[in-house]
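Chemist: model the structure of this input:
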Amino acid sequence: MFSLQEIQQYYATNLENKTFRYTLRGGQILELRFYQQSLCHLLGIQHIMHHNKKFIGLSGYQKIQAGTLTLDTLRKRDALQYKQMYHRMQELHKLGEVLQRGAMYRFYILRQPRTNIKADYLLYWCNAEQLYHNLFLAKEKSLLPARQTDNSYSAISYVVMTEKDNHDMYIEQQEYKQILKFEVIEKTH
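Modeler: Numbering: from 1, shown residues only. This is a model prediction of the structure:
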């Protein structure tokens, strides 16, 4: 069994404070970052807690850290939604493999009417257990005037599907982008 605290520890150790840089064919560079306030959303906690702001964003992250938000809390709150989000929580520790082995797609929401995820790119990977990982990336919004060279992206959504699901739905009609180089850059303090 796993706990939200173990998931958070994996997230903090392996994803936060790092930049994952992708160089794509054609010269496009994406610099992907993971933030504390994104963890609960990536886990799908907003669906279980019915968008209660006390349990999402940085507040939710802190509740996990303090041990007041647990898997048991989520299960008791909404067992059906918990069951639907279970694969996200169980598989989040495989995001490192998704980042290294996933196929990159330029994501066009107009080509995928069955979702409201407003992403720019998608990393897609199937593991040996036939679970299909979809990590959605969106361009970071800057308070500074837009720069042509700005290549900062953040992870905004994570969906794990099984063989029974329509597991290729997010990549259908999307534009495959060949990854030429992948780097992990540690943040120095």
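
Chemist: pLDDT below threshold where in this protein?
Modeler: The chain contains residues with pLDDT under 70 at 1, 142-149, 189.

Chemist: please repeat the previous calculation with a cut-off of 80.
Modeler: Scanning the chain for pLDDT under 80 picks out 1, 113-114, 141-149, 188-189.

Chemist: partners of the longest strand seen in the chain in the sheet?
Modeler: Of all segments of type strand in the chain, defined using DSSP state E, the longest is strand 152-161. If you go by DSSP bridges, strand 152-161 pairs up with strand 29-33 (parallel), strand 132-139 (antiparallel).

Chemist: export those to JSON lines and append columns for distance to G102 and mean neighbour count.
Modeler: The way it works is simple: take the backbone N, C-alpha and C, and place the C-beta from them, glycine included. Formatted as JSON lines, the strands paired with strand 152-161 follow (distance: least, CB to CB, whole Å; neighbours: other CB atoms under 10 Å):
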{"stretch": "strand 29-33", "distance to G102": "11", "mean neighbour count": "18"}
{"stretch": "strand 132-139", "distance to G102": "7", "mean neighbour count": "21"}
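
Chemist: let me have these in CSV, adding distance to I109 as columns.
Modeler: Output for those, formatted as CSV (distance: least, CB to CB, whole Å):
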stretch, distance to I109
strand 29-33, 18
strand 132-139, 10
